[in-house]
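Engineer: Dropping a prediction and its sequence here:
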Number of protein chains: 2
Amino acid sequence: MTIQLYELCGATEDHLFSPHCWKARMSLAHKGMDFTSAPVPFTKVASVENGEYRKVPVLRDGDTVIEESYEIAKYLDRTYPDKPSLFVGEGGEALTAFVISWATTQIHPAVGKLCVYDIHQSLAPADQEFFRASREKLFGCTLEEFDAKFPKNGEALEAALFPLKNLLSRQAYLGGEAPVFADYVVFGPLQWMRTTCTKDHLPQEGPVADWFNRLLDLYGGMARNAKTMG
Amino acid sequence: MTIQLYELCGATEDHLFSPHCWKARMSLAHKGMDFTSAPVPFTKVASVENGEYRKVPVLRDGDTVIEESYEIAKYLDRTYPDKPSLFVGEGGEALTAFVISWATTQIHPAVGKLCVYDIHQSLAPADQEFFRASREKLFGCTLEEFDAKFPKNGEALEAALFPLKNLLSRQAYLGGEAPVFADYVVFGPLQWMRTTCTKDHLPQEGPVADWFNRLLDLYGGMARNAKTMG
């Protein structure tokens, strides 16, 4: 039975940009597992698997359905222990929660401030409407007002990435010599930016750029070959 | 053969305040190992173990001497695998390096700005001279000028701690249900502040305060009973 991954798409099914879906996609590739992609735009997420879920990624493996990328990674490691591990032990699985907390509170907001308007522009009309309504409720202002608040340069993102840069000056991956799920946790928001931003705010050189390029090259360049808006 | 831990002390041998030495001390307690403390003030660090080292902690275990708290933790886990693990697997050991990078680039500087002058005041005269000379060279200004640059409230520290606060709203420790070395990595700089600052800048309530109090209570209240300047 093939694994099916429901993942967010933009105006076309080949525009995959969700940071959380990229974490799940990289995890499946890491474990060398065949899977079928089921791309869904924002307005179709609520109809995934008979309408039980409100967010993607959602993964179906036979009779099992798992939502949320960290849960998916844990499920994959537990269910397929003979494939390369995403955590390399219980301690790694536990500390991954800290990396997730750091990335979602430091890196996701920095990226969101740079590319939220570009994301809107890349969507189909019905999804633009959904995206605008949900984000304006969250931000308490229009998308345009939110977007205008933040300078469109990479300075805040670079500052947020400093703990990672400092680490990667001494080692190739968060996992040490090889990537683990924690690498994909930080890769996710940067690939989100890469696939949606019309302007490139990624570090162009240095340890973070080198690490990001190594991840783009993994698994036959799967992430490098993704459609971008740049 | 008893393990010996060389650790930094202030004007008296019972004033133990170094964040890195607290990481090693908590690690030894975590593994339930007997050890002898060898307190050394700043000006005696260079004479530890025949002058081979320039920083503490340094740990002697029989014929083996290890410096630096992460190396000490790795040594202890490798050498005493039957005692409670500090990493719980290779993945945990690897991701601990990210927690160290985050703590040393985000938490240590925030704490240093709050308590560097108090540290100076707590030292013996000869150590004050050493501390002032080394720190003024590092900062490029006098201790008093450095100290005057930063407001003496906990706001910057609270902002720096946010990824930890977010995580600890869902779980008891970085290690999940039980502490690991990564917990001591973040505990170290907060205990550094607690044992040196004349004013209390620690979070007084909430998930970080609860977690810090749990760590202070561990191992018979070892860290809670430490001498403070407050």
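Structural biologist: Great, that's in hand.

Engineer: where do the strands sit along chain A?
Structural biologist: Here chain A has its strands, by DSSP state E, at A:3-8, A:35-40, A:58-61, A:64-67.

Engineer: Looking at these, spot the one closest to chain B.
Structural biologist: Of all the strands of chain A, strand A:64-67 sits nearest to chain B, with 17.0 Å by Cβ to the nearest Cβ. Just so you know, the C-beta spots here come from the backbone N, C-alpha and C atoms, and that holds for glycine as well.

Engineer: got a list of contacts for the closest one?
Structural biologist: Outside strand A:64-67, the residues that touch it by Cβ atoms under 8 Å, 6 or more residues apart in numbering or on different chains are A:49, A:52-53, A:55-59, A:72, A:75, A:79.

Engineer: ok, now stretch A:100-110?
Structural biologist: Contact partners of stretch A:100-110, identified using Cβ under 8 Å, 6+ apart, comprise A:19, A:70, A:156-157, A:160-161, A:163, A:185-186, A:188-190, B:102, B:162-164, B:166-167.

Engineer: Next, the buried residues of that stretch.
Structural biologist: Buried residues in stretch A:100-110, counted by 16 or more other Cβ atoms under 10 Å in any protein chain shown: A:100-108, A:110.

Engineer: sorry, back to before: in a markdown table, list the strands of chain A along with mean pLDDT.
Structural biologist: Below are the strands of chain A laid out as a markdown table (pLDDT from 0 to 100):
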| stretch | mean pLDDT |
| --- | --- |
| strand A:3-8 | 98 |
| strand A:35-40 | 98 |
| strand A:58-61 | 98 |
| strand A:64-67 | 97 |
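
Engineer: To B:D14, which of these lies closest?
Structural biologist: Proximity to B:D14, assessed across the strands of chain A by Cβ to Cβ, is greatest for strand A:64-67 (52.8 Å).

Engineer: Direction included, what does that closest one pair against?
Structural biologist: When sheet partners are counted by DSSP bridges, strand A:64-67 sits next to strand A:58-61 (antiparallel).

Engineer: Let me see the confidence value for A:T2.
Structural biologist: A:T2 is assigned a predicted lDDT (pLDDT) of 90.

Engineer: got the contact list for it?
Structural biologist: A:34-36.

Engineer: Could you rerun that using 10 Å?
Structural biologist: By Cβ atoms under 10 Å, 6 or more residues apart in numbering or on different chains, A:T2 lies in contact with A:33-36, A:60-62.

Engineer: what's the answer for A:P179, then?
Structural biologist: Applying Cβ under 10 Å, 6+ apart, the residues contacting A:P179 are A:26, A:30, A:84, A:86, A:172-173, A:187, A:211, A:214-215, A:218.

Engineer: That one and A:S85, how far apart?
Structural biologist: A:P179 sits 11 Å away from A:S85 when distances are taken as Cβ to Cβ, to the nearest Å.

Engineer: again, but for A:E71
Structural biologist: Between A:E71 and A:S85 the computed distance is 16 Å (Cβ to Cβ).

Engineer: Where do the domain boundaries of chain A fall?
Structural biologist: Domain ranges of chain A: A:3-79, A:90-221, per automatic domain parsing.

Engineer: now the ones you listed as CSV including distance to B:A124?
Structural biologist: Listed next are the domains of chain A as CSV, based on distance: least, Cβ to Cβ, whole Å:
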stretch, distance to B:A124
domain A:3-79, 50
domain A:90-221, 33
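
Engineer: Quick check: which of those is nearest to B:R132?
Structural biologist: domain A:90-221 (27.2 Å).

Engineer: From start to finish, how long is that closest one in a straight line?
Structural biologist: With Cα to Cα, to the nearest Å applied, domain A:90-221 spans 29 Å between its terminal residues.

Engineer: closest to B:K44 out of the domains of chain A?
Structural biologist: Nearest to B:K44, of all the domains of chain A, is domain A:90-221, at 29.9 Å by Cβ to Cβ.

Engineer: what mean pLDDT would you report for the closest one?
Structural biologist: 96.

Engineer: Now find how far off-centre that domain is within its chain.
Structural biologist: 7 Å (Cα atoms, centre = their mean, to the nearest Å).

Engineer: Could you do stretch A:71-87 as well?
Structural biologist: 18 Å.

Engineer: can I get the CA coordinates of it in CSV?
Structural biologist: Written as CSV, here are the backbone C-alpha positions of stretch A:71-87 (Å, rounded to 0.1, in the frame of the first residue of the first chain):
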residue,chain,number,x,y,z
GLU,A,71,3.6,13.5,14.7
ILE,A,72,4.2,12.2,11.2
ALA,A,73,7.9,11.9,11.8
LYS,A,74,7.4,10.1,15.1
TYR,A,75,5.0,7.7,13.4
LEU,A,76,7.4,7.0,10.6
ASP,A,77,10.3,6.3,12.9
ARG,A,78,8.2,4.1,15.1
THR,A,79,6.5,2.2,12.3
TYR,A,80,9.6,1.8,10.1
PRO,A,81,12.5,1.4,12.5
ASP,A,82,14.7,-0.3,9.8
LYS,A,83,14.7,2.8,7.7
PRO,A,84,17.2,5.7,8.5
SER,A,85,16.0,7.3,11.7
LEU,A,86,14.7,10.8,11.9
PHE,A,87,15.6,11.2,15.6
